[in-house]
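>>> Coordinates for the following, if possible.
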Amino acid sequence: MASSFSHFLVFTVLLVLFFQPCFQHPFCQRDERLALLQFKESFVIDKHDPFAYPKVNLWKSQGMDCCSWEGIWCDQDTGHVIGLDLSSSCLLGSINSNSSLFHLIHLQYLNLAFNDFNYSKIPSAFANLTALTYLNLSNSFFFGQIPFELSKLTSLSFLDLSPSYMNPWFLKRQLLELKRPNLRSLIENMTSLEYLRLNNIDMNSRIPSTLANMSSLRHIRLSGCGLFGEFPKPIFQLPKLQVLAVAYNYGLTGNLPEFQFHNQLMALAIQFTKFSGKLPASIEMLSSLAALNAGSCNFSGLLPSSLGNLTKLESLTLDNNSFTGTVEIDTFLELKYLKDLLLTGNNFSLLIKTKKSTNTTIAKFKNLGLGSCNLKEFPSFLHNQDQLESLDLSSNDIGGKIPKWIWKFSKSLAYFDLSNNSLTNFEKFSISFPSSTVVFLDLSFNQLKASLPILPLSINFLFVSKNRFSGDIPSEFCNVTSLQVLDLSHNNLNGMIPQCIGNFSKSLVILNLEGNNFKGPIPPTWVAGNNLQVIKLGQNNLQGKLPRSLANCRMLEFLDLGNNHIRDTFPYWLGTLPRLRILILHFNKFYGAINVPESNSLFPNLGIVDLSHNGFVGPLPTKYFNLWSAMVDVDKENRNYWHAYENHRLNGLISTSPYPYSMTITNKGVNMEYAEVLEIFLAIDLSCNKFDGEIPDVVGSLKGLQLLNLSNNILVGPIPPALGNLKNLEALDLSQNKLVGSIPMQLTQLNFLEVFNVSYNHLRGPIPKGQQFDTFDNSSFDGNLGLCGLPLSRKCDNSNASPPPSSNSEGNEDSGLLAEFGWKAVALGYGCGFLVGVVIGNIIFSRTREWLMRTYRIGVSRRRRMRRLC
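Residues are numbered from 1 along each chain as shown. Sure thing, here's the model as predicted:
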């Protein structure tokens, strides 16, 4: 018995020894453990992200074996660290080529995504990690050129360097660039690459055709990279390709190919490119397709009915194209997995049939866009759409009342756009919204005639402009503390602006109440720490003085108080606002002299100032001209428009869209609306006041100016030759003053000057010749009995003969920045409010000399009839 037991014991020991390698893994290598700890110590742990947590903080408490530490795994035979996942680990700091990270030469998997590497460059030492097959550095705030050395990682099957997944509207510039090396030289030797993700990296190049030779590719994500040129069609035929995303490459052109049956494509994103042509009927061959996003492209023709055969489709986005014909909604309602359907902004008519569908087969949408679909009524199938989160019915011809059921069919509706219809009222509507989930509501450009309803507390964005709402703003508005945008402009609202307007929501970014009948003083309750960027209170009946608490709006960029009855002195204290860019105070009752500023740092970013039609007196504000440094120079290459940015949260995601800075200004009794303003647009309008004295030479230092209007004042003395330094000037109005002397020859150097008016002064001598002066007609010089020479009929005698035109090495350029401006309305006024005529709209005209001269004559004709009305 004892012998049997001893034999059993020996057998058991041998069995344990034999299988020991299967149960016990070797410890990690000591040098690699120290390298990991040193790497950890090179960072600060920043816990600001609620979705991240610091894995490295747990390492010491998890023992000496780094193979058991969170985020690390090792080779089971050697104990070498082969995997490191520190994504979303709250790391804050820089990585350089001397980092201990690069001692881990056996790494095959490395994920450092969603950290903050403090805008440091991607180290070239990544090339030392030659065993890597997976590298993810996305969303980690790296900056600069991607190093060529990364091309040596030839074993990679996964590469993600995308710096951000932000909406491209918000991205002023990319953090990373891929130019030297370019895309081709970076990846051409990565023959095993399956996942390529380089979104929002500045490449500014064509897509290399060699990409079509990389037969292992499954995912290609190159959105927002500045790619241009023709998209190589053979890429569509890659045998394993499942995801292709090249969206937001505005210069990228191409057509969709005829698809083959074996294509494995599951997602195609080409929105905001110049892809054009027709959607091929063979798109039904993409039997695995779950997402097709082709919005904001140049597609045309009929929508193929074969889209209805894509039975796995979950998201279809075809908005803002030029599709035509008639589309039956049943084509999409029968796709039971379809959640997102965006058809807004095309040229087809949507046919809504009454075909009955059971709840088990009809699609249940989350996001539905049916704007511009020629709808005449609210679609009846919406009754069954109880899962909708966003609904766009804008720009249709839906009239009558808004039905009560529209607010109740979905308990999750967050985004609702009914703008640009013919709606007149609310059906059986109480004074409050039934829906408590709406975050974004747009009812603008309708004919709604009602009192403002009480808002749900959930609302963040409210647009009800261009309607017939009347009455007061309900006091309950003060309870909505999450508002970011409040646009009640151009209605018939009256009463006083609620006192809470300046403090009820610190999240408020845009406040637009212009074009109503509000009266009384502007509320004095603008609290410190607010986030207002835009305040538009123009075209009302506001009175009193400006409240000093407006100086608490430290984020303010655009302030429009024009067309009111405000009586005050010049608000110099607004100059303390560091970001104020546009200041419009015209058509008020401001008075007095603009005194010498008490500080040398006022209005540091002011680019547009309109003080016209007030009662300012005294000399022109010379000291302020010295302070307006933002007008001294201009970046001619900048073609961006001024916007405030709204952050929308929908489906758990945050997207950003622009709210354009627009100007609504009354010019000679005509209300004119300009939709957008270029960042490089710089202008001064001080017309129709009682400024006296001479024009100071310092005005000539504001070299970025495109518009200068000093007309209808009491200015004396000569025209300063220094105005010839304003090389970007396109419009100069000095009319109806008491200026004397001759017109300086230096003004002929203004090659972009399209509009020039010195009429009704006391000028003498010859009119200069050459350059733009050869394009001006008589009306530019009327009322100056001492002027002579063309275009006037009065000839100069020998004593005042016109000097020869000045030479200019830059040549005669008759196209300037005005060609970059789009116009909703054109009325170049050559008197008060001249600034109005050259702000910006939507339609870009080619500025020919004939067109401008024709417009000029019209403007002058009106001016001569109204010149004494200031």
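>>> how many neighbours does Y119 have?
11 (other CB atoms under 10 Å). Just so you know, the C-beta spots here come from the backbone N, C-alpha and C atoms, and that holds for glycine as well.
>>> M64 reaches R30, doesn't it?
No - the pair M64 / R30 is not scored as a contact, 9.2 Å apart, by CB atoms under 8 Å.
>>> Leaving out chain neighbours, which residue sits closest to K449?
Spatial nearest neighbour of K449, chain neighbours left out: R468 (4.2 Å); criterion: CB to CB, 6 or more residues apart in numbering.
>>> Next, find the distance separating the one you found from S489.
In this view, R468 and S489 are 13 Å apart by CB to CB, to the nearest Å.
>>> okay, these two: which has more neighbours?
Comparing R468 with S489 by other CB under 10 Å, the one with more neighbours is S489, at 24 against 15.
>>> Please list all residues in contact with the more buried one.
Residues in contact with S489 (CB atoms under 8 Å, 6 or more residues apart in numbering) are 465-466, 512-516, 536, 664.
>>> buried sites along stretch 465-477?
Across stretch 465-477, burial judged by 16 or more other CB atoms under 10 Å covers 465-467, 469-470, 473-474, 477.
>>> what are the C-alpha coordinates of stretch 45-57, in PDB please?
Taking C-alpha atoms only, stretch 45-57 is exported to PDB below (Å, rounded to 0.1, in the frame of the first residue of the first chain):
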ATOM      1  CA  ILE A  45      -1.900  62.500 -14.800                       C
ATOM      2  CA  ASP A  46      -4.600  64.900 -16.000                       C
ATOM      3  CA  LYS A  47      -8.100  63.600 -15.000                       C
ATOM      4  CA  HIS A  48     -10.200  66.200 -16.700                       C
ATOM      5  CA  ASP A  49     -11.800  63.600 -19.100                       C
ATOM      6  CA  PRO A  50     -14.700  61.800 -17.400                       C
ATOM      7  CA  PHE A  51     -14.400  58.900 -19.900                       C
ATOM      8  CA  ALA A  52     -10.700  58.200 -19.200                       C
ATOM      9  CA  TYR A  53      -8.900  56.800 -16.200                       C
ATOM     10  CA  PRO A  54      -5.200  56.600 -15.400                       C
ATOM     11  CA  LYS A  55      -4.200  52.900 -15.900                       C
ATOM     12  CA  VAL A  56      -0.600  53.600 -15.000                       C
ATOM     13  CA  ASN A  57      -1.600  54.700 -11.400                       C
END
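>>> who's in contact with that stretch?
By CB under 8 Å, 6+ apart, stretch 45-57 touches 40, 43, 70-71, 86, 88-92, 114, 116.
>>> Among the residues you listed, which one is most surrounded by other residues?
L91 (26 neighbours).
>>> Select from the contacts of stretch 45-57 every entry located in strands.
When these are checked against strands (DSSP state E), the matches are 91-92.
>>> Please pick the buried ones from the contacts of S489.
By neighbour count, with 16+ other CB under 10 Å, the contacts of S489 hold 465-466, 512-516, 536, 664 as buried.
>>> Could I get the full set of helices for this protein?
2-23, 30-41, 183-187, 330-333, 622-627, 849-866 (DSSP state H).
>>> average pLDDT across the fifth one?
This points to helix 622-627. If you average the pLDDT over helix 622-627, you get 93.
>>> And the third one, by the same measure?
Average pLDDT, helix 183-187: 95.
>>> pLDDT weak spots in the stretch 251-400 of the chain?
Where the stretch 251-400 of the chain drops to pLDDT under 70, the residues are 354-360.
>>> And the strands in it?
Here the stretch 251-400 of the chain has its strands, by DSSP state E, counting those that start in this stretch, at 251-254, 267-269, 274-277, 291-293, 298-302, 315-317, 322-324, 326-328, 340-342, 349-351, 367-369, 390-392, 399-402.
>>> Next, format those strands as TSV and append distance to N204 and mean neighbour count.
Converted to TSV, the strands of the stretch 251-400 of the chain look like this (distance: least, CB to CB, whole Å; neighbours: other CB atoms under 10 Å):
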stretch	distance to N204	mean neighbour count
strand 251-254	9	18
strand 267-269	20	20
strand 274-277	16	16
strand 291-293	23	21
strand 298-302	21	16
strand 315-317	26	21
strand 322-324	28	16
strand 326-328	38	16
strand 340-342	29	21
strand 349-351	39	15
strand 367-369	32	23
strand 390-392	33	23
strand 399-402	47	16
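>>> what about these, which gets the closest to S735?
Of all the strands of the stretch 251-400 of the chain, it is strand 251-254 that lies closest to S735, at 44.1 Å by CB to CB.
>>> Pull up the pairing partners for the closest one, direction included.
Paired with strand 251-254 in the same sheet, following DSSP bridges, are strand 228-230 (parallel), strand 274-277 (parallel).
>>> Dump those strands to JSON lines, plus distance to P791.
Output for these, formatted as JSON lines (distance: least, CB to CB, whole Å):
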{"stretch": "strand 228-230", "distance to P791": "46"}
{"stretch": "strand 274-277", "distance to P791": "45"}
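>>> Ok, which of those comes nearest M745?
Distance to M745, taken as CB to CB, is lowest for strand 228-230 among the strands paired with strand 251-254, at 44.8 Å.
>>> Pull out the buried residues from that closest one.
F228.
>>> Quick check: mean pLDDT of that strand?
For strand 228-230, the mean pLDDT works out to 96.
>>> now swap in stretch 83-92 and tell me
95.
>>> and the closest residue to L302 other than its chain neighbours, how many residues sit next to it?
Of all residues not flanking L302 in the chain, G325 sits nearest, at 4.4 Å (CB to CB, 6+ apart). If you count neighbours by other CB under 10 Å, G325 ends up with 11.
>>> Same check on L790?
When neighbours are counted by other CB under 10 Å, L790 registers 18.
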